[in-house]
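Trainee: I'd like to go over a predicted model; first the sequence, then the structure.
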Amino acid sequence: MPLRVIEIIAPSEDKDEICKTLDEHRPDEGYVFWISSNEEEHSLTFKVVMDVKESENVLDRLESFFTWKDKYRIVVFPVEATIPRLKEIEEEPPAEDNQKNNQKKIQNRLSREELYTDVLDTCVLSRSYILLIIFSSIVAVIGLLKNNVAIIIGAMVLAPLLAPNVGLSLATTLGDNDLAKTSSKTLVVGILLAFAITFATGVFTGVDINENSSELISRASTDFSDIILAMVSGAAGIISFTLGVPTSLVGVMVALSLLPPLSACGLFLGAGHTSHAMGAATLFFANIICLNLSGVISFLLMGVQPLTWWKREEAKASSIKIIAIWGALLAILSALLYFGLVK
C-alpha cells in the first residue's frame, strides 16, 4: 500500500497534548513524526509519515482531538517512498480482557477524507464537466453511427457519468446530503445534455438500421447477463477506487458503459425508432441501478462510514432505505425482462 504524510498545523500551546497523543499510538501504527515551529504565526507544524491503511485511524483520532479547537488544519499528502522504510506492524489478536476496548480497525484502503475529496472533485457541475459531456457525446455518436468499436471505447473511457454515480453511492454511505445533492444535480444535467445532443443528431441525420449497425442495435436490448455485468463491474470499480488504483478503473469504464446506451436512445428516438429507443433506455437505467446498488454495498463492505456514532446510525438507516429502493427497482426491471415486457 502507498504512504501518506499527515501535516498538522496547530497552536503552540497544544504541543504537549498532541505529542502525547501521537506518542501513545505510534507503537501500534508504526508511523514517525517530527515537529517544526512557525514562530511568526505562534503555531506548530507536525508531520506524520505512515502507511495509507493507518491514515483513517489517525485522522479520526486527530479530528476528535481538534473538535473543540478553533485554530488548526490537517492536510494529507501522498508519498512515493521514505528512507528508512516504515516497519510492518504485526497484528496480534487482542487479549480477552482488552477485546472490548480495542476498537482500532485496520482499513486496507484510502481514508474517508481522501475518498470524499476525490469524489467531490469529479462531481461538481463545472464548465469542464459540461465540455466533457459534450465531447464524449459527440465521440459516442460518431462511434455508433460509424459502427466503430474503437471510437465507442473512447467514449466509454471518458465516462463523464460514472463519477456522479460514485458520488451518490458515497453520499449514501456517509449520510452526506450535500454530496448527494451535488452528485444528483451533476448527474441529471449530464444525462439531459447528452440526451439532447444525441436526440438532435438523430433528428437531423437519421439512423439507418441495417447489417452495418450492429454496435447501435446491440445497445437496444437488455438481458440478465447485462445486469450481472453491471453489478460486478460496479463493485469492482468501487473497490478499485477505495484502494487508490486508478488504472483498474479504465477496465470498469469500458465494461460498465453508461454513455453509449444513452446516446443510442437519443439517436433512435430522434430518428423515430421508438421501440429501439425504449430498449436502449432500459439498458441505460439498468446500468444506473446496478452501479448505485453495488456501489453502496461495496462502500459498506469496505468499511466506509462517518466518524461519529450518531452519524453512523443515521447513515446506516439511509443506506438500508436506498439499498431497498435500488433493489426494488432492479427486481421490477428483472421481472419486466423475464416476462418480455421490455427489451
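Mentor: Good, I have the coordinates.

Trainee: quick one, helices of this structure?
Mentor: In the chain, the helices defined using DSSP state H lie at 15-29, 52-65, 112-123, 127-146, 149-158, 162-174, 177-205, 214-218, 224-242, 246-255, 259-271, 274-301, 309-338.

Trainee: Can you add mean pLDDT and distance to Arg73 and give those back as TSV?
Mentor: Yep, even glycine has a C-beta here, placed from its N, CA and C like the rest. As requested, the helices of the chain are arranged in TSV below (pLDDT from 0 to 100; distance: least, Cβ to Cβ, whole Å):
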stretch	mean pLDDT	distance to Arg73
helix 15-29	80	13
helix 52-65	84	11
helix 112-123	90	13
helix 127-146	94	27
helix 149-158	87	35
helix 162-174	94	22
helix 177-205	96	21
helix 214-218	92	51
helix 224-242	91	25
helix 246-255	63	27
helix 259-271	95	39
helix 274-301	95	27
helix 309-338	95	22
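
Trainee: Same list (the ones you listed) but as CSV, adding distance to Pro78 and mean neighbour count.
Mentor: Compiled in CSV, those are given as follows (distance: least, Cβ to Cβ, whole Å; neighbours: other Cβ atoms under 10 Å):
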stretch, distance to Pro78, mean neighbour count
helix 15-29, 18, 14
helix 52-65, 8, 19
helix 112-123, 9, 19
helix 127-146, 23, 19
helix 149-158, 24, 18
helix 162-174, 20, 26
helix 177-205, 22, 18
helix 214-218, 39, 17
helix 224-242, 15, 20
helix 246-255, 12, 15
helix 259-271, 30, 26
helix 274-301, 21, 22
helix 309-338, 27, 14
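
Trainee: what's the burial count for Pro306?
Mentor: Residue crowding around Pro306 was assessed by other Cβ atoms under 10 Å; the count is 17.

Trainee: Now do the closest residue to Ser213 other than its chain neighbours against Pro11, distance only.
Mentor: Closest residue to Ser213 apart from its sequence neighbours, by Cβ to Cβ, 6 or more residues apart in numbering: Asn147 at 6.1 Å. Distance, Asn147 to Pro11, using Cβ to Cβ, to the nearest Å: 65 Å.

Trainee: try Gly303
Mentor: 32 Å.

Trainee: OK, contacts around the residue lying closest to Gly143 once chain neighbours are set aside?
Mentor: Excluding its sequence neighbours, the residue lying closest to Gly143 (Cβ to Cβ, 6+ apart) is Ile151, at 3.3 Å. Applying Cβ atoms under 8 Å, 6 or more residues apart in numbering to Ile151 gives the contacts Val139, Ile142, Gly143.

Trainee: How about Glu215?
Mentor: Gly143, Leu144, Asn147, Asn148, Val149, Ile152.

Trainee: run the last query once more with 7 Å
Mentor: Contact partners of Glu215, counting by Cβ atoms under 7 Å, 6 or more residues apart in numbering, are Leu144, Asn147, Val149, Ile152.

Trainee: Turn those into TSV, including distance to Ile6.
Mentor: Below are the contacts of Glu215 laid out as TSV (distance: Cβ to Cβ, whole Å):
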residue	distance to Ile6
Leu144	47
Asn147	51
Val149	45
Ile152	43
